[in-house]
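> quick one, what's the 3D model for this:
(chains A, B and C)
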Amino acid sequence: MSTSDVTKEGIRGARPARDAVTGAVSTLDGHRRERPAGDGRGDGAEFRSYYDRPVLNQITWQARDIAGYLFLGGLAGGSSALAAGADLTGRPDLARPLRYTALAAVSGSLAALIHDLGRPERFLNMLRVVKWTSPMSVGSWILAGYGPLAAAAAASQATGLLPGPGRLAGLGAGVVGPAVAAYTAPLICNTAVPAWHDGYREMPFVFVGSGAAAAGGAGMIAAPLGQAGPARRAGIAGAALENAALAVMEKRMGMVAEPYKQGPGGTLMRAAKALTVAGAVGALFGGRSRAVSAVAGAALVAGSACTRFGVFKAGQASAADPKYTVVPQRQRIRDRERAAEQGGADGGEQAAQGPSGA
Amino acid sequence: MALDEQSGVRTGAAESAEDPGPEDARPRMGFFTDTSVCIGCKACEVACKEWNLVPEDGLDFTGMSFDNSGGLGADTWRHVAFIEQRKPIGVQETGVGRPEGAPDPVDLGMPSFQLPGSSSGEDERGEFRWLMSSDVCKHCTHAACLDVCPTGSLFRTEYGTVVVQEDICNGCGYCVPACPYGVIDQRKDDGRVFKCTLCYDRMGDGMEPACAKACPTDSIQFGDLDELRERADERLRGLHEAGIESAQLYGRDPGDGVGGDGAFFLLLDEPEVYGLPPDPVVTTRDLPSMWRHAGVAAAALLAGITATFLGGRR
Amino acid sequence: MGVRTLIESWPVYRQLTGADPSGRGAAAKSAATGALRARTAEADRVVKSVCPYCAVGCAQNVYVRDEQVVQIEGDPDSPISRGRLCPKGSASLQLTTGSSRRHTVLYRPPHGADWQEIGLWDAMHMVADRVIEARREGWQDEQDGVTTARTLGLASLGGATLDNEENYLIKKLLTALGVVQIENQARVCHSSTVAGLGTSFGRGGATTFMQDLQNSDCIVIEGSNYAEAHPVGFQWVMEAKARGAAVIHVDPHYSRTSALADMHVPIRAGTDIAFLGGIINRVINEEHYFRDYLLAFTNAATIVNEGFRDTEDLDGLFSGFDEDKRRYNVHTWHYEGADIAPASGKRDQEYEFRVQQPQESGSAGRPEQQGAGGAAVGGTPETDPTLQHPRCVFQILKRHYSRYTPEAVEKICGIPRDIFERVGDLLIENSGRDRTSAFCYAVGWTQHTVGAQYIRAASVLQLLLGNIGRPGGGIQALRGHASIQGSSDVPTLFNLLPGYIPMPHAHEDQTLEDFCVADAAVNGFWANMDAYIVSLLKAWWGEHATSENDYAFSYLPRIGDSHSTYDTVMEQMAGVCKGYFLMGENPAVGSANARAQRLGMANLDWLVVRDFSLIESATWWQDGPEIESGEMRTEDIGTEVFFFPAAAHTEKSGTFTNTNRTLQWHDRAVLPQGDARSDLWFMYHLGRIIREKLADSSDPRDRPILELTWDYPLEEGAEPDAAAVLAEINGYGPGGEHLSDYTELRADGSTSCGCWIYCGVYADGVNQAARRKPHTEQDWIAAEWAWSWPSNRRVLYNRASADADGAPWSDRKALVWWDGANRRWTGHDIPDFEAGKSPDYTPPEGAAGVEALSGTDAFIMQGDGKGWLYAPAGLTDGPMPTHYEPQDSPFSNLLYGQSRNPARLVYPHPENRYHPDPGTPGAEVYPYVVTTYRLTEHFTAGGMSRWTPYLAELQPEFFCEVSPELARERGLTHGGWATVVSARNAIEARVLVTDRMVPLRVHDRTVHQIGMPYHWGPNGYTTGDAFNELSSIALDANVHIQEVKALTVDIRPGRRPRGADRRRLVLDYQRRAGVDDRTGTEV
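Presented below is the predicted three-dimensional model:
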């Protein structure tokens, strides 16, 4: 019953408005229809959302810029590594074009990155801090180291000046290259985008594989058959790694993998698969024909690009549909509750790690 | 307290956000938004825009009950959700829900389209309630937007809140997909990202945030986070005793995937009904593992490339 | 060095050297962030102000820097708002400083195609010339041989959004010019309240204050969308809920108010009297009434004239109805043995009778048997304390409501019996000695052809339950404009003078004494009306008001039956009224039958609009609906239009009177920019210029204006000093000292007072309305925050919070009580009673006036000191509330043969057609009920919200709310468009299909109701059709308020026709319904 007293001494039983309760049993006792006390609790079984609006805000990145940046980064990193190997094993006709490719690719990827900024003139703020928690920060510093090496290598190659340092720069770029090719995986996986985050274990392998395939492809296009052997092998191995990693990733992700199979993302991923497989086959059996080798190389490069755009599109699609955010999280909660019921606290904590747990 | 250098996630006392440095550390401040006393007036949305000079973002009749803001974004830092449900709240007596109040069965039933906000499949009026809830940036203990920001534009203030420094942000957009709540967003014509600052400038002068100050029913409560959490626990008990069994706290638990929210809520239904993720996890919790996998992958690439040169001269 | 600082300013360096290695805290903080300050902290000054939107009256702090307003926030010190602001209040910075405001004077010449800019002073002189001319042309010395001394040539509308001081100058100047057609929003919003509460209790204002709702055990919100229309005031309902109070919302549509109520009861719009009557019936039959309270403070025991006949006897009519005149002769309604003039309402009703009667005060004790002349004026009525006398009010009441059974309620209102009974249970349990319940209503009750009686019904119920004058009890009339209470107190209303003194009607050789005898009760505080009006006349005409010239009583123009804003519109269409001032009101959107409003304006010689932006009422000649439809062509319209940009609340000083009857002063923060000026400035200089132009006149008509006291000190920007005006309103004593209470007023011309109920607001020369002692330093009464009328009392009739002996009815409900030791009334609130009059005081023989009030006459303004369950006078449509169907209704009256209010005012006109009677052919053409309401995000006719982007984006389109059932029946799709048609016009709106609208079972069939907010119009940032295109001019007979809360329409999918087709559609509907000039006009 109410405590709305005003005595001669003043108000008694005052309570702040924030304590107000609507539909309190005590207030309406005896004045309500016979039915169990109110309960608006949903059982959580069915998927619910707020007017089907996405939970996440939409990715602001432009596909051309960022997917292109992922692709070119892989191409550059792979190319530098391959070029370094070619250099060390005396394959100048393979090393030369790959050094140029690396420089062109890294320049392109940098340009794409800057072009995508909302405030491009503030690009240098990327070097304002060093943050291990931000793959983009780490990547900026990697590129800050890799870019000049790749440029020096290519410049010396082109001008013939300072061959010694140029060669060292090339070797340095070759060592840093794999990092350039790999770090973009954590970059996109370190988000709340379901189709990216949930694939963070495999994505690095997809990306390095894709990068190796692209670099190999580039080598097959540019280098004479005689020196393109490593490029062909890189292309084949890269394509194999990429597709194997993707298969594992999609299997692990479950329903969150749908965007990789449906819509624009699905189309691109299918194209990527076709191209990389075709390219790999061409690399495997086309070793005697310059033309076949070049076409196969082009297929591998194109396949790599399709992979990156496909991954990008799949991520966008998974962020745009609340289903991919809510359903897995609901599942996680149920698993946790079940585990808690069974195994008690420990099991609960383990389950709390969820599918994305370490 | 030990700090995992890679993830920045504090092991141990997760409830306190990472120190910005001892020199100006203060008790962590936050919001407790109790949606059970929200009257959906949207004073918070306007007070926020007036104070922070957030631009008006267009006339968009959504048909989502009385919600014409849609959701949080660069130009909406407080957002009031409106949900119409065929469910009761406590023992509230709503004539509109009464089947007795409705006409002959032939007239009954939902229109051909799905009534917005109605998550009920039943084809007959039953109970009814109208939920209203003011959403805002959660100022997570482990904030993904802050972690991934490559420029240091986003930073943790001495109050434990997460703020964008507009003089630094270069609009890389990384924080946008990183946020598990869909809070921070890019202002297209500006390029930079924006979100609730918990009125950082006002706090500096000992004032409470504009939305909390305006809120006519104290649905939005501002204060020392520890005190707010105690108050919220008490409130939850009270509501359950009063028969409001659907009441639940959201973002209050320091043990959750983001280490607890600096702005947490009392909801009357599951989070996803309000457009909130049911079990958000800060993505950087998995970053160490990501780096490890990436490292292995990079090494594999180096090794693989090397291997391609071992196969003789062809 | 430079390099060093450069490196040290590099966050990476700070990461490596500081305590923030991860670079997510202090290390990343930029210099700009470090320098960040709140702009409020850098303000040059903080000015105390009050929100200009609704009448909750939230206090604001206005922060000024470099003579610019940089921020507006709630003032935490306020006991009313406690620092909070709703979205509108929060948007007042954008409202006052935004780009949508105009700052130049605009002029549209006759037949002109567009505006042209002209100088402010040129415009002022042009307007002055036109006022003088229109006044002369429309002058009327007499009518039917009776002196009128008035002009019908011009009219003024608006004032509820203005300061009291501005309303005062408008009324003062225009009245001195002989203008009687002076009106404001109070007419169309809360005029019913003045008659309803005034006749019941003695004063036309809310009986309580919002903060006291926290002490209620049960709150019934009916006819109000409290949480949406007064969000900050709603915190007191929440406070009551927190203490366990039950909150009930009775409303046709489930709103944000319903969402926070414990019970929402859907009701058919326009049937609240049947619902309340049902509760009254139960309270009486089951004897749940508070008998001791009833006997002590109400007229339950009073015996009524034997000539009285009830609706029970006459099938829905009371005795005395004149079919031809469509009005009642109220004589048979009187008490037995006494004619008590009402404290409010139609006080002139019995003029002839009273002036002719030999005056008989209580002096003769029990009056002798009445002669043929009926009751003596004044006199002490017969009573039967046993309440058994068949003609005592209680028995009459019991019989009158006997047919308001639960079954009848269910059939009429569509409220199932169990729900109806649950509401009754809660009210009954939470009333009586130990508990109190409050009613909160707003325009959902007032805006009906039976509006005043809606409020009467609640008054009767609250008196029966003993809830008036007690903590947590009362009736809160929620006001919707910042000073709509003030614009009724200091009335820009045709029928009132300041302080609810009636405007004198035209009568043969009427003297000041005749006037007082006829219009004021002999006993109680209205007996001193001569002192109130003489002081007013002294305030207006100073030394020119002398005992010789009856204190210039003849300077007041005399009114006829009605000069309400709707009569003015008719006069405009008829070509009588040629000039029109719109002072912050937008009738082309906000008044009933918006189309008629525009057609009236199109017939004017000149129109003056004062507002922030170019509202619909200012641009109809250029882009109005009738221009779009081709019915009017701009070049054919001869109306001259002046637009004057108005100053905002931050740009002028003055007082608003909020819904608590509290006058709150707001200080000017900055000077208005450009040509923007306060209405105080406008009225003062307009008057000055007119007086200069007429200076040489010897015409006796001009004496009132030339002899008017019109010298106010000017401040910066030639702005009159509002404080000086407030001081004049407060009044001066013989020695020129500021008066401190209305009891000091005298009828001998020694005192002056511009508004007697405001006397004391400037006591001791201190602006009491500017007091801002924080609520944290006071109790909930907060008597030292601002000032409430009367005499700073916060709960009216609070003597009734104590029993007949002066002790609180209950320990848990103490407000004021008799302190026997000190022989004084004391308590939390200031007693609304003579402080020294003991509970056992009985008037001596021959006592009259205030002296004649006994120690239990808690309703001190009433002629008999009682709360009126039965109103023997003052109302034109019955002494007790009776259920009548709305003008446009799908149902005939289930209770009586008399379907609609027989005394209602209808205005047959081609532009104001009504719908066929229920059951007659064609009635089915308009089958659905539509009702209107406010949204939190918008304000009234939209002038202060549709142009404000932060508000517009929150509710960006005009919509209608329909049930899924109706949507299916009519094929309406959610988010799509619907066209809504009445006999007046057709409009379009977006469709919201929602469970919040529910079909009801009425008269054993299903009726669908449609809900529509009424804020939109074609101009502004968010635009849409105006709801009032649909409504008709059909008025309550007591106060001439329009019925816009319940009408009938048809609804169909899709957008409305454009151009001429729009009219065609409306006429086609009229044809199908067989509508003609007689339709719906029958008694």
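
> what about the stretch 601-750 of chain C, any weak spots by pLDDT?
For the stretch 601-750 of chain C, applying pLDDT under 70 flags no range at all.

> buried stuff in the strand or helix carrying residue A:112?
Per DSSP states H and E, residue A:112 falls inside helix A:92-116. For helix A:92-116, burial by neighbour count (16 or more other Cβ atoms under 10 Å in any protein chain shown) applies to A:94-110, A:112-114, A:116. C-beta here means a position set from N, CA and C on the backbone, and glycine is covered the same way.

> quick one: the strands in the stretch 1-150 of chain B?
Counting by DSSP state E, counting those that start in this stretch, one finds strands in the stretch 1-150 of chain B at the ranges B:29-34, B:78-85, B:93-94, B:129-136.

> sheet partners, orientation included, of the third one?
Okay, so that is strand B:93-94. Strand pairing for strand B:93-94, using DSSP bridges, gives strand C:263-265 (parallel).

> could you look up the SS state of the spatially closest residue to residue A:254 that is not a sequence neighbour?
Sequence neighbours aside, residue A:328 is the residue nearest to residue A:254 in space, at 7.7 Å (criterion: Cβ to Cβ, 6 or more residues apart in numbering or on different chains). Of the three states, residue A:328 takes helix under DSSP: H, G, I helix; E, B strand; the rest coil.

> how close does residue A:328 get to residue C:632?
63 Å (Cβ to Cβ, to the nearest Å).

> give me the more crowded residue out of the two.
residue A:328 (22 against 18; other Cβ atoms under 10 Å in any protein chain shown).

> flag the shaky bits of chain A, pLDDT-wise.
Looking at chain A by pLDDT under 70, you get A:1, A:30-46, A:344-358.

> helices of that one, start to end?
Listed in chain order, the helices of chain A (DSSP state H) span A:25-28, A:63-88, A:92-116, A:135-159, A:163-189, A:194-197, A:203-222, A:229-253, A:258-261, A:263-285, A:290-320, A:322-353.

> could I get these as a markdown table with distance to residue B:300?
Formatted as a markdown table, the helices of chain A follow (distance: least, Cβ to Cβ, whole Å):
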| stretch | distance to residue B:300 |
| --- | --- |
| helix A:25-28 | 64 |
| helix A:63-88 | 11 |
| helix A:92-116 | 19 |
| helix A:135-159 | 17 |
| helix A:163-189 | 8 |
| helix A:194-197 | 21 |
| helix A:203-222 | 6 |
| helix A:229-253 | 8 |
| helix A:258-261 | 22 |
| helix A:263-285 | 17 |
| helix A:290-320 | 17 |
| helix A:322-353 | 26 |
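
> pick the most buried one from those helices.
helix A:203-222 (a mean of 32; mean count of other Cβ atoms under 10 Å in any protein chain shown).

> please see if that helix touches chain B.
Yes. Helix A:203-222 lies within reach of chain B by Cβ under 8 Å from any Cβ of the partner chain, at A:203-205, A:207-208, A:211-212.

> any low-confidence regions in chain C?
By pLDDT under 70, the low-scoring segments of chain C are C:1, C:357-377.

> tell me the centre residue of it?
residue C:190 (2.7 Å; Cα atoms, centre = their mean).

> between the strands of the stretch 1-150 of chain B, which one is closest to residue C:527.
strand B:93-94 (48.1 Å; Cβ to Cβ).

> average pLDDT across stretch B:170-190?
For stretch B:170-190, the mean pLDDT works out to 97.

> pull the longest strand from chain C.
strand C:146-157 (DSSP state E).

> go through it and flag the buried ones.
In strand C:146-157, counting by 16+ other Cβ under 10 Å, buried: C:147-157.

> which one of those residues is nearest chain B?
The closest of the buried residues of strand C:146-157 to chain B turns out to be residue C:157 (Cβ to the nearest Cβ; 29.8 Å).

> for that closest one, list the residues it contacts.
Residues in contact with residue C:157 (Cβ atoms under 8 Å, 6 or more residues apart in numbering or on different chains) are C:183-184, C:565, C:568, C:580-583, C:585, C:587.

> which stretches of chain B have low pLDDT?
Using pLDDT under 70, chain B drops low at B:1-25, B:98-124, B:311-314.

> for it, longest helix please?
helix B:287-308.

> in the stretch 51-200 of chain B, which spans are helices?
Assigned by DSSP state H, counting those that start in this stretch, the helices in the stretch 51-200 of chain B fall at B:144-148, B:175-178, B:200-204.
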